[in-house]
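# Give me the fold of what follows.
(chains A, B, C and D)
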There are 2 protein chains.
Amino acid sequence: MTGILENRIKSMANLSAEAFGLLMNSMQPKPIGKGQYLLKEGQVCKAIYYVEKGYLRTFYTKDGKEINTRFSFENDFVTELKSLRSAIPSDYSIQTGEETVVWEFTKEKLLDLYGQSVEIESFGRNLLEQMLIDQEEHANLFKIYSPTERYQYVIRQFPHLLQRVSLSHLSSYLGIARETLSRIRKNP
Amino acid sequence: MTGILENRIKSMANLSAEAFGLLMNSMQPKPIGKGQYLLKEGQVCKAIYYVEKGYLRTFYTKDGKEINTRFSFENDFVTELKSLRSAIPSDYSIQTGEETVVWEFTKEKLLDLYGQSVEIESFGRNLLEQMLIDQEEHANLFKIYSPTERYQYVIRQFPHLLQRVSLSHLSSYLGIARETLSRIRKNP
DNA sequence: TTCATTTTGTGATTTTTGTCACAGGCTGAT
DNA sequence: ATCAGCCTGTGACAAAAATCACAAAATGAA
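Numbering: from 1, shown residues only, chains lettered A, B, ... in the order given. Model (predicted):
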């Protein structure tokens, strides 16, 4: 089913039938087993991914511990932009957290499409804008809210995070020790 | 002097002489006194700003206290994207921290230019990419590092922050109490 | 079901950070 | 030079969170 992706794309840019076809015809859905990697630290990121089903976890390794920097669910786009943009090794890894289906937009193909169609480049710009807004909001969480407030913000805004991501994984994403998060969860 | 801005733009996109002229001819540098506002909470953000001289401070007000979410120095581009994109009231204010000179790219004019020139839209996309990378890096500071480590990171990567921004302003930017930051600063 | 593995809850304790209060410094205007 | 207003340093204390250790619970595979 391509329906969700189609709608997502159409909601972000007014693509003509031609441009839309150009974009969609160059891709296919790609199923990936749970725990598989889309990108490993040290590799160069080659694509932007759209999550149709399942979810992805982006993490950084520090002193042997994994620190989760992002979770990407259905209808989200993900990439490791710093690596993608400059073709440099990534500091982060991207792994599935469930059985997942993604659509892969390779950089090569995207740049080609940008050249062929102004509308697709406009779509790319719109996508980046939305990603940037989300990221800024997330960064400000840490400046504005305490750990407890961050947890409350997440259960209000992103309840699926709690249902699908383990508490251990969520804790590093919120910058809180696992035990502390477990205690926060008990007391409202 | 437009030299810095010219170089910045040229380093981000290969603009033809026509596109470049189109972009530059529609703007002028704008001097702003210290402490003046480019945007106040509740207003709709209308433009992207390029800082030629001085610096800007973006902040959020919580319980009567100002929490700084961003500092933008010479050669940086700044806006309040969520407000700009959707024409909704901003949750943030943007104020100068010194005598400042900015170049104003209004949304209206930019959209017009995007329509006129693919190269300028490409420049816009490149600018967003860079802003997103910076923002992600900043957000991950809070997940990966402790307050002390965040301070050390900042003095290594952005020493000018310490020289030009007051310790009180810097503390909320790093998510640390003013007193704690003062103590961190004493002990290396 | 059973067992091994992973995840979560909880207590005790230490460490870190925040809060409050106030003194000393610096700055800019008169 | 003087003074008001802001910024910074510092002590004492309170609060919050991290760490360590281990038990309980959940999960998944055989």
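
# ok, residue A:46 - contacts?
Remark: with contacts taken as CB atoms under 8 Å, 6 or more residues apart in numbering or on different chains, residue A:46 is in contact with A:84, A:106, A:107, A:108. From N, CA and C alone the C-beta is placed, and that goes for glycine too.

# What confidence value was assigned to it?
At residue A:46, the pLDDT value in this model is 97.

# just the buried members of the contacts of residue A:46?
Among these, those classed as buried by 16 or more other CB atoms under 10 Å in any protein chain shown are A:84, A:107.

# between the contacts of residue A:46, which is nearest residue B:6?
For the contacts of residue A:46, the minimum distance to residue B:6 (CB to CB) is 27.1 Å, reached by residue A:84.

# Name all residues that make contact with that closest one.
Contacts of residue A:84 by CB under 8 Å, 6+ apart are A:44, A:45, A:46, A:47, A:48, A:107.

# now, which of these lie within helices?
residue A:107 (DSSP state H).

# from the contacts of residue A:84, which two are the most distant?
A:44 and A:48 (13.7 Å).

# between the two, who's got more neighbours?
In terms of neighbours (other CB atoms under 10 Å in any protein chain shown), residue A:48 is the more surrounded of residue A:44 and residue A:48; the figures are 22 against 14.

# Contacts only, for that one.
Taking CB under 8 Å, 6+ apart, we find residue A:48 in contact with A:77, A:78, A:79, A:84, A:104, A:105, A:107, A:110.

# would you list those in JSON lines and tack on pLDDT and distance to DNA strand C?
Rendered in JSON lines, the data for the contacts of residue A:48 read as follows (pLDDT from 0 to 100; distance: CB to the nearest atom of the strand, whole Å):
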{"residue": "A:77", "pLDDT": "96", "distance to DNA strand C": "26"}
{"residue": "A:78", "pLDDT": "96", "distance to DNA strand C": "21"}
{"residue": "A:79", "pLDDT": "96", "distance to DNA strand C": "25"}
{"residue": "A:84", "pLDDT": "96", "distance to DNA strand C": "28"}
{"residue": "A:104", "pLDDT": "95", "distance to DNA strand C": "26"}
{"residue": "A:105", "pLDDT": "94", "distance to DNA strand C": "30"}
{"residue": "A:107", "pLDDT": "95", "distance to DNA strand C": "32"}
{"residue": "A:110", "pLDDT": "93", "distance to DNA strand C": "34"}
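
# Now render the residues you listed as CSV, adding secondary structure.
Conversion of the contacts of residue A:48 to CSV gives the following (DSSP: H, G, I helix; E, B strand; the rest coil):
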residue, secondary structure
A:77, strand
A:78, strand
A:79, coil
A:84, helix
A:104, strand
A:105, strand
A:107, helix
A:110, helix
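
# From the residues you listed, list the buried ones, please.
A:77, A:78, A:79, A:84, A:104, A:105, A:107, A:110.

# closest to chain B among these?
residue A:84 (8.9 Å; CB to the nearest CB).

# Would you map the strands across chain A?
Secondary structure of chain A by DSSP state E: the strands cover A:29-32, A:37-39, A:47-53, A:56-62, A:65-72, A:77-78, A:92-96, A:100-106.

# nearest to residue B:133, of those strands?
strand A:92-96 (12.2 Å).

# where does the closest one sit relative to the chain's centre, distance-wise?
Strand A:92-96 has its C-alpha centroid displaced from the chain centroid by 10 Å (CA atoms, centre = their mean, to the nearest Å).

# Okay, now the sheet partners of that strand, with direction.
Here strand A:92-96 has these sheet partners by DSSP bridges: strand A:37-39 (antiparallel), strand A:56-62 (antiparallel).

# what comes up buried for the longest helix seen in chain A?
As assigned by DSSP H, the longest helix anywhere in chain A is helix A:118-144. The neighbour-count check on helix A:118-144 (16+ other CB under 10 Å) flags A:118-129, A:131-133, A:135-136, A:138-144 as buried.

# Would you mind getting the angle between that helix and strand B:92-96?
90 degrees (axes from the mean of the first three to the mean of the last three CA atoms, to 10 degrees).

# what helices or strands is helix A:118-144 leaning on?
Using 3 or more CB pairs under 8 Å, 6 or more residues apart in numbering or on different chains; DSSP states H and E, the elements in contact with helix A:118-144 are helix A:3-12, helix A:17-25, helix A:107-116, helix A:147-157, strand B:56-62, strand B:65-72, helix B:81-86, helix B:118-144.

# Ok, which of these comes nearest DNA strand D?
Between DNA strand D and the helices and strands packed on helix A:118-144, the tightest spacing by CB to the nearest atom of the strand is seen for helix A:147-157, at 3.6 Å.
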